[in-house]
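Undergrad: Coordinates for the following, if possible.
(chains A and B)
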There are 2 protein chains.
Amino acid sequence: MKADPPAARLSDAALAGPAQPRDRRSIRRTNLAVVLRILRDGGPRSRAQIAADTGLPKPTVTSLVAELVALGLVREGPAQREGAVGRPGTLVHLDGRDICGVGVEISTSSVHVLALGLGGATAFGHRTAAAVADMTADAVLDLTARSVRTCLTALERDGVRPVGITLAVPGVIDADTGTVEYAPALGWRGLRILDGLRDRLERPVPPLTVGNDAKLGAVAEYVHAQGAGVQDMICITGERGVGAGIITDGRLLLGSTGFAGEVGHMPLDPERRPCVCGRTGCWETMVGLDAIFRLAAADGDPVRDPGVELEERLAELRRRAESGHARTRQALDRVADDLALGIALLADVLNPQAVVLGGYFSHIGDLMLDRVREVVRARVMAPDAGGCEVAMSTLGFRAAAQGGAHLALDAVYQDPGAV
Amino acid sequence: MKADPPAARLSDAALAGPAQPRDRRSIRRTNLAVVLRILRDGGPRSRAQIAADTGLPKPTVTSLVAELVALGLVREGPAQREGAVGRPGTLVHLDGRDICGVGVEISTSSVHVLALGLGGATAFGHRTAAAVADMTADAVLDLTARSVRTCLTALERDGVRPVGITLAVPGVIDADTGTVEYAPALGWRGLRILDGLRDRLERPVPPLTVGNDAKLGAVAEYVHAQGAGVQDMICITGERGVGAGIITDGRLLLGSTGFAGEVGHMPLDPERRPCVCGRTGCWETMVGLDAIFRLAAADGDPVRDPGVELEERLAELRRRAESGHARTRQALDRVADDLALGIALLADVLNPQAVVLGGYFSHIGDLMLDRVREVVRARVMAPDAGGCEVAMSTLGFRAAAQGGAHLALDAVYQDPGAV
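TA: Okay, the predicted model is just below:
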């Protein structure tokens, strides 16, 4: 068979409007970002290696590294020796110990503040348990402002500069106006959360933004999965509500107005049970936290008591399942089947390489995983389920705050000189 | 309220691996492509206007235009006068009359070959009606090869050079190996279609590629919708099977192995009717061609006769609906509700600006459109359905071949100098 000349392929089809023309300044900015990302994704390396990785001339690399050193984002130091022979080389390392991004997750049961340095180290972390779903929006904002102030004070004391703060909220967000349009689990509608927080902080704060918790969780999972080269993934968070953060071709899928990923309301339940959203048959009535507790335990059973800490109730479910408790095991099988039904649907639509289960699934999902995988394999249209792997999140309830911190740091990776 | 410094935002989050570094040659190539796309998307304009649109210096624009003229891709000519006063300027126009892309759609009922010039004019078009679903794969390949040969001969006679040929097939495609992995409507599995076609053509042919028909239809709809600035859309094709081409943020969504968009097999039917794919409850059993005919007419009714031309059967359905025939109208309402259910689900997951209904919907979908819109508006989670508009395709059964031709031409817009 003779070789074929290269053809246009769907996978190459950007098909976009006019590309941006390029000038010298934008080239410099891009190349600084390229070097910084190579160090983030691939670890420390020599200037010669950076030149080889990027195809840039060595003098250009030297000048770029010098600028990044001056910005406090990288440092140069000797290589680890670990049994190597010969002269030790000098490696460029990601630094940025003095810079961090802050993520703040407001969930139904807590407010979690997390500050991550450029290299990924935790600069500050604190979780305040609170019955957020039962509090007024003002009270939640007061609590959030207190948590953020504590964090900013601690960072200031340690000489660490926050480059941005991202709030993560379980709801439909208008990022342009900083508004939570609708958060059924919190009972919020049209809450201008960034204005509310800014008013309460009463001090200059770094740039504030707000995003959907599932999308920010997906950002954290994506950063986490970088070693494996995953570019197409769906991160499903199971709490009272069920949401998804979708990454396609290495980009977070937002949709035209930022509302993509509302998978909890896919109409999959033939029994058409009512949902908190006012509709019936939503997927989250089949696989959300309320469903697993309702299926696994009778009214009045302590695992159904919202006054008991969630992680404790999940641990109790696990103990029962492991000791062979019939109702618990049946409940897990039922949720596994319904979870797989929705995952298979999403795999047919989006063809991801990985589906990552977060939220409560990261606590008891392993008890369902074999069954979920089996049903997904049987149900997805593409051969071999289109290569889709179902896996447990290792980040758990921490994912959204972590994703928020990563997003704040992303400004540095986009344009290192601007920070 | 004081102004906020710019924050990293989810919408900016490329979050990708290392960006590509840029050099002078890649800048030149990009700028050639930018000028060509501006002429495609915005129409003829002066060199001064191109400089203003791109931010490039005028001498650079002059040199880029000269190179594009030499490549035969643009020409310079006087402006239209239409009542204007003053000296007529010189405008740069897209040319490329001597260059075309070829799309070939193999559907269950025909083989359609279409050649489009760079400016969008049809250089060749021919549709051969055939009961493709009942033919052997070899016979279909023979027919396709004959159609392509006829097209190439006609183009050669007219002095038009094809830059690529794209096959569109209703199935799951492995583009890397040119294989139709699975096309249930045609009964194909593992068919190496490009090898088969290349062997039969027995002459040098331009680069060949193969893609899923719904995805290629979406490419055509996207190009068509460019004037409206739509960057997030879902194109649903209704034939015996139902598929989707999904465009997010101006890019065709492929998924990790190219299998995204298999929406026809979403498990939405509570009655769990069997599907050709071997599973039950698939959406296409509710809204595909077989469903509308089964619901609208009794066994033995001529509209259910596959021997009668499809467009004729659809025209008869329309006549009955318009004359108030009860069963036909009930069938349309039922399909409208089920169509809306799936569209609302996809809008929750993907938050598109537009859902475009193609295939048979472009023939009778207007009879369902009001009802579909109403149900979608009630069912989608985001406020105001996330801004999602449901519209009819104006391209109809022609969309996939047209998208194939556009895709072949995209090579020119990606890298004008290489063609």
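
Undergrad: Give the closest residue to whatever residue of the stretch 201-350 of chain A ends up closest to chain B in space, chain neighbours not counted.
TA: Closest contact between the stretch 201-350 of chain A and chain B, by Cβ to the nearest Cβ, is at A:G255 (2.3 Å). C-beta coordinates here come from the backbone N, C-alpha and C atoms, glycine included. Excluding its sequence neighbours, the residue lying closest to A:G255 (Cβ to Cβ, 6 or more residues apart in numbering or on different chains) is B:N351, at 2.3 Å.

Undergrad: My guess is that neighbour contacts A:V263. True?
TA: No: B:N351 lies out of contact with A:V263 (Cβ atoms under 8 Å); the separation is 11.6 Å.

Undergrad: Please, which helix or strand holds A:C235?
TA: strand A:233-238 (DSSP states H and E).

Undergrad: So whichever helix or strand comes after that strand, near chain B or not?
TA: Counting by DSSP H and E, the next helix or strand C-terminal to strand A:233-238 is strand A:242-248. Yes: using Cβ under 8 Å from any Cβ of the partner chain, strand A:242-248 comes into contact with chain B via A:244, A:246-248.

Undergrad: How about the contacts made by A:L155?
TA: Contact analysis of A:L155 by Cβ atoms under 8 Å, 6 or more residues apart in numbering or on different chains lists A:100, A:102, A:115, A:123-124, A:161-162.

Undergrad: so which of those residues are also by chain B?
TA: Counting by Cβ under 8 Å from any Cβ, no member of these reaches chain B.

Undergrad: Just the buried ones from those?
TA: The neighbour-count test (16 or more other Cβ atoms under 10 Å in any protein chain shown) applied to these identifies A:100, A:102, A:115, A:123-124, A:162 as buried.

Undergrad: Just send those residues back as CSV, with secondary structure and pLDDT too.
TA: Output for the buried ones among the contacts of A:L155, formatted as CSV (DSSP: H, G, I helix; E, B strand; the rest coil; pLDDT from 0 to 100):
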residue, secondary structure, pLDDT
A:C100, strand, 94
A:V102, strand, 97
A:A115, strand, 97
A:A123, strand, 93
A:F124, strand, 95
A:P162, strand, 95
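
Undergrad: Out of these, which comes closest to B:V335?
TA: Closest approach to B:V335 among those (Cβ to Cβ): A:V102, at 50.4 Å.

Undergrad: how close does the nearest residue to that closest one once chain neighbours are set aside get to A:P383?
TA: Of all residues not flanking A:V102 in the chain, A:I165 sits nearest, at 4.4 Å (Cβ to Cβ, 6+ apart). Separation of A:I165 from A:P383 (Cβ to Cβ, to the nearest Å): 45 Å.

Undergrad: The two - which one has more neighbours?
TA: The neighbour comparison of A:I165 against A:P383 (other Cβ atoms under 10 Å in any protein chain shown) goes to A:I165, with 28 against 15.

Undergrad: Parallel or antiparallel, list what pairs with the host helix or strand of the more buried one.
TA: For A:I165, the host element (DSSP H and E) is strand A:161-169. Strand A:161-169 sits in its sheet next to strand A:99-106 (parallel), strand A:208-212 (parallel), going by DSSP bridges.

Undergrad: what does the model give the residue of the stretch 51-200 of chain A found nearest chain B for pLDDT?
TA: Nearest residue of the stretch 51-200 of chain A to chain B: A:T54, at 4.6 Å (Cβ to the nearest Cβ). Listed pLDDT for A:T54 reads 83.

Undergrad: Can you name the residues that contact A:R75?
TA: The contact partners of A:R75, by Cβ under 8 Å, 6+ apart, come to A:69, A:92-93, A:95.

Undergrad: coming back round to it: okay, the residues of strand A:242-248 next to chain B in CSV with neighbour count and pLDDT next?
TA: Listed next are the residues of strand A:242-248 next to chain B as CSV, based on neighbours: other Cβ atoms under 10 Å in any protein chain shown; pLDDT from 0 to 100:
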residue, neighbour count, pLDDT
A:A244, 29, 95
A:I246, 28, 95
A:I247, 28, 92
A:T248, 24, 91
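
Undergrad: Surely A:C100 and A:G119 touch.
TA: No: A:C100 is not in contact with A:G119 according to Cβ under 8 Å; the separation is 10.0 Å.

Undergrad: Longest helix of chain A, counting residues only.
TA: The longest helix of chain A (DSSP state H) is helix A:326-350.

Undergrad: Give me the next element, helix or strand, following it.
TA: Note on helix A:326-350: by DSSP H and E, the next helix or strand toward the C-terminus is strand A:354-359.

Undergrad: where's that following strand relative to the chain centroid, distance-wise?
TA: Centre-to-centre, strand A:354-359 and its host chain are 10 Å apart (Cα atoms, centre = their mean, to the nearest Å).

Undergrad: quick one: average pLDDT of the helix or strand that it is followed by?
TA: The helix or strand immediately downstream of strand A:354-359 is helix A:361-364, counting by DSSP H and E. For helix A:361-364, mean pLDDT is 93.

Undergrad: what does helix A:361-364 rub up against?
TA: A:236-238, A:292, A:311, A:314-315, A:317-318, A:321, A:332, A:339, A:368, A:392-397.

Undergrad: Please identify the buried residues of stretch A:98-118?
TA: Within stretch A:98-118, the residues that count as buried by 16+ other Cβ under 10 Å are A:99-118.

Undergrad: I meant stretch A:373-385, not that one.
TA: Buried residues in stretch A:373-385, counting neighbours by 16+ other Cβ under 10 Å, are found at A:373, A:375-376, A:379-382, A:385.

Undergrad: of all those, which two lie farthest apart?
TA: Spatial extent of these (Cβ to Cβ) is set by the pair A:R373 and A:M381 at 16.4 Å.

Undergrad: What is the burial count for the closest residue in space to A:P57 that isn't next to it in sequence?
TA: Closest residue in space to A:P57, ignoring its immediate chain neighbours: A:A51 at 6.9 Å, by Cβ to Cβ, 6+ apart. Counted with other Cβ under 10 Å, residues neighbouring A:A51 total 18.

Undergrad: Show me what the host helix or strand of A:A51 is packed up against.
TA: Following DSSP H and E, one finds A:A51 within helix A:47-54. Packing partners of helix A:47-54 (3 or more Cβ pairs under 8 Å, 6 or more residues apart in numbering or on different chains; DSSP states H and E): helix A:24-42, helix A:58-70, strand A:90-94.

Undergrad: ok, now which ones touch the spatially closest residue to A:M266 that is not a sequence neighbour?
TA: Distances taken as Cβ to Cβ, 6+ apart place A:W283 nearest to A:M266, at 4.5 Å, with adjacent residues excluded. A:W283 is in contact with A:242, A:263-269, A:338, A:342, counting by Cβ under 8 Å, 6+ apart.
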